[in-house]
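1. The sequence and its predicted three-dimensional model are supplied below.
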Amino acid sequence: MKPGQRNLITDVSGLRVGNAEDRAIKTGSTVLIGEEPFTCGVSVMGGAPGTRETDLLAPDKSVQQVDALVLSGGSAFGLDAAAGVMDALREDGRGFAVGPVRVPIVPAAILFDLINGGDKDWAQNPYRELGAAAYRTAAEDFALGTAGAGMGAIAGGLKGGLGSASLVLPSGHTVGALVAANPLGNVCYGRRFWAAPFEIDDEFGGLGMPSPTLAATFETKREAMERANTTIAIVATDATLDKAGCTRLATAAHDGMARAIVPSHTPMDGDLIFAAATGAAGPADPLALGHAAAICLARAIARAVFEATPAPGDRLPAWRDLPQDA
């Protein structure tokens, strides 16, 4: 397997991603949309999720496809980003047809970034506008690191961020991942990433793996233990999957989260993965898809932290600011 042309989730043909940020608040939103509605599933393994419209993704529920997916900062306030995306989709004539009415279906998940040093004293919830702005900027190329839903993210003792990666399978199918990495656990030990065994072309520094004996060590400041967290992600493919297949793909992708974050899926994290399938490339081996999704997600999480950039008022350093011998 090798990365797609962009090494982004948008290597899955027909998908686009948009970001919008507020640098004063240190927060943002990210939206994934398709040229057409797509099949979707979800898997939640963290103890503190914040979600919208995830119940309808269960295989036994009637709605079969969604119009967009939203990842956002802002904790529960950030769920309003999906309302902005709904408004924009409705303006564009998109949505689930119910008689003469169209209702855009926009599941969403949020992460906690309310104590990251930004000015949160807003007069009106800003996330509806951030969601609409992210929708309007959606494109095949988009920024990583301190961008979109990763704008105010914190990853253990470092800045978190927005990451993405892709793989093309020998069958010709494409799998991609998009993640806002804001975990309680650590993505690296010093400058070396836990996801290093899956790195391709030095995409996050090519520094190799930390010592395996360190995997049992979790070091964090008490203030980190007292905040809420969450890593929220989307894995996508051009394979044909039904809702049950997407749910299985999302579940398999959680292996990538566990490989890249130590520890992951804690009671303080709301770790969640959406899985999207466009069906453009036809049926594929579900085992190969799940394996590729986990690898893509592990790489995307490392890239999120690797690409993060420092900004005034940050409470924690960016990875690139660590000493070379760390």
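-> Looks like it came in fine.

2. And what about the closest residue to Asp271 other than its chain neighbours, helix, strand or coil?
-> Of all residues not flanking Asp271 in the chain, Gly46 sits nearest, at 3.3 Å (Cβ to Cβ, 6 or more residues apart in numbering). The way it works is simple: take the backbone N, C-alpha and C, and place the C-beta from them, glycine included. Under DSSP: H, G, I helix; E, B strand; the rest coil, Gly46 falls in the coil class.

3. Does Leu114 touch Ala153 like I think?
-> No: with contact defined as Cβ atoms under 8 Å, Leu114 does not reach Ala153; the gap is 11.8 Å.

4. Residues touching stretch 88-103, excluding its own?
-> If you take Cβ atoms under 8 Å, 6 or more residues apart in numbering as the criterion, stretch 88-103 is touched by 33, 37, 63, 67-68, 86, 104-106, 131-132, 135-136.

5. from the chain's centre, how far out does that stretch sit?
-> Between the centre of stretch 88-103 and the centre of its chain there are 26 Å (Cα atoms, centre = their mean, to the nearest Å).

6. Identify each buried residue in that stretch, please.
-> Neighbour-count burial for stretch 88-103, counted by 16 or more other Cβ atoms under 10 Å, picks out 88-89, 94-96.

7. Using a markdown table, please lay out those residues together with distance to Asp141, pLDDT and secondary structure.
-> Formatted as a markdown table, these follow (distance: Cβ to Cβ, whole Å; pLDDT from 0 to 100; DSSP: H, G, I helix; E, B strand; the rest coil):
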| residue | distance to Asp141 | pLDDT | secondary structure |
| --- | --- | --- | --- |
| Ala88 | 20 | 97 | helix |
| Leu89 | 22 | 97 | helix |
| Arg94 | 22 | 94 | coil |
| Gly95 | 27 | 92 | coil |
| Phe96 | 29 | 87 | strand |
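
8. Look up the closest residue to Leu144, ignoring the ones flanking it.
-> Per Cβ to Cβ, 6+ apart, closest to Leu144 is Glu307, 4.3 Å.

9. distance of the one you found from Ala300?
-> According to Cβ to Cβ, to the nearest Å, Glu307 and Ala300 sit 10 Å apart.

10. Which one's more surrounded, these two?
-> It is Ala300, of Glu307 and Ala300, that has more neighbours when counted by other Cβ atoms under 10 Å, with 33 against 23.

11. So the more buried one belongs to a strand, correct?
-> No: under three-state DSSP, Ala300 falls outside any strand and is assigned helix.
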